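Visitor: Pasting the sequence and the predicted coordinates here, then a few questions.
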Amino acid sequence: MKTRELHNHHIDSTIWNDFTFRDDDIIISTYAKSGTTWMQQIIAQLLFNGAEGLEVAEMSPWVDLRVPPKAIKLPAIEAQSHRRFLKTHLPVDALVFSEKAKYIYIGRDGRDVCWSLYNHHLNANKSWYQALNDTPGRVGPAIEPPPSSVVQYFNDWLEKDGFPFWSLWENARSWWAIRDLPNVHFVHFSALKADLPGEVRRIAEFIETPIDESRYGELLHHCSFDYMKANATKSVPLGGAFWDGGAETFIHKGTNGRWRELLSAEDVARYEQRAEAELGRACAHWLATGEIAETDYS
């Protein structure tokens, strides 16, 4: 059940309050920078049988992003005639949850998330700040440019519970609590990297979309990082206009573990202790590795 609203420079959770679900809706949920765009590409390829040149960012809007406002966004979503696949960054308790929809939650180690967030934030341009800070409806403080040090950015993010964005812990914790519902499917970023063909098959089964084996190789090619990087303007909001370097900057490296070169052993321990305290041992282990622990499944 929805128990609260979440507002900030990016998010207006009230948009979901007026959303009308369809029986076959697919909702892609992540904290942020956890493989959202990758999953949108996968779902688009499954629904459209490996088609070339799909305008995925336009087809799969971020519902709770507060710009454009819901008076513009919701009619555009309602007008879609294809099977809808929509994006959210909300924790479950701030989201309207429907038994009709299929929910896919993607997790990623928080340290990798933060490194990717830093690149996202560092390369944001003036138009990005204007859209988030200067348009009507912002609740709370404006978002400011990041510090010059990614380690400082990480420390601020960890110590201030997701600053300057939102809490990873409450997001992951809320979805973990409903992981066993029949219309919820968990995917980990590392699993997509390790076994994309197998993960895509499991996703197809979950959303009840048959795979055309004669097109499967082309479909997987269109879900590869190299293909998405080369065709980034199709997958990135507004074709990447909000970032210096364009859409290719938004789809950055997709690399895990970059934090290992810069974080101290004390930094790593502090993160891991915080993760376990916030999430519990089993969820923290899954978020870091993609593995379901055999013990302490709590």
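Guide: Happy to help now that I have it. Numbers count the residues shown, from 1 in each chain.
Visitor: Tell me where this structure has strands.
Guide: Taking DSSP state E as the criterion, the chain contains strands spanning 26-29, 85-88, 102-107, 184-188.
Visitor: Can you name every helix or strand that the longest one contacts?
Guide: Other elements packing on strand 102-107 under the criterion 3 or more CB pairs under 8 Å, 6 or more residues apart in numbering; DSSP states H and E are strand 26-29, helix 36-47, strand 184-188, helix 189-194, helix 196-206. Yep, even glycine has a C-beta here, placed from its N, CA and C like the rest.
Visitor: in the chain, which helix or strand is least confident?
Guide: helix 247-250 (a mean of 53; mean pLDDT, DSSP states H and E).
Visitor: Can you get me a residue count around the nearest residue to residue 12 once chain neighbours are set aside?
Guide: Closest residue to residue 12 in three dimensions, ignoring its sequence neighbours and counting by CB to CB, 6 or more residues apart in numbering: residue 66, at 3.7 Å. The criterion is other CB atoms under 10 Å. On that basis, residue 66 has 24 neighbouring residues.
Visitor: Ok, residue 261 next?
Guide: Residue 261 is flanked by 6 other residues according to other CB under 10 Å.
Visitor: One more: residue 264?
Guide: If you count neighbours by other CB under 10 Å, residue 264 ends up with 9.
Visitor: Please point out which parts of stretch 171-187 sit buried.
Guide: 171, 172, 173, 174, 175, 176, 184, 185, 186, 187 (16 or more other CB atoms under 10 Å).
Visitor: Mind jotting down where the helices sit in the stretch 1-150 of the chain?
Guide: For the stretch 1-150 of the chain, the helices defined by DSSP state H, counting those that start in this stretch cover 36-47, 56-59, 70-78, 110-122, 126-133, 150-159.
Visitor: what about the fourth one, distance to the chain center?
Guide: Here the centre of helix 110-122 is set off from its chain's centre by 12 Å, with CA atoms, centre = their mean, to the nearest Å.
Visitor: What is it packed up against?
Guide: In terms of contacts (3+ CB pairs under 8 Å, 6+ apart), helix 110-122 is packed against helix 150-159, helix 265-279.
Visitor: so can I have TSV of these showing mean neighbour count?
Guide: Converted to TSV, those look like this (neighbours: other CB atoms under 10 Å):
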stretch	mean neighbour count
helix 150-159	17
helix 265-279	15
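Visitor: Turn those helices into JSON lines, columns for distance to residue 167 and mean pLDDT.
Guide: As requested, these are arranged in JSON lines below (distance: least, CB to CB, whole Å; pLDDT from 0 to 100):
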{"stretch": "helix 150-159", "distance to residue 167": "10", "mean pLDDT": "97"}
{"stretch": "helix 265-279", "distance to residue 167": "9", "mean pLDDT": "97"}
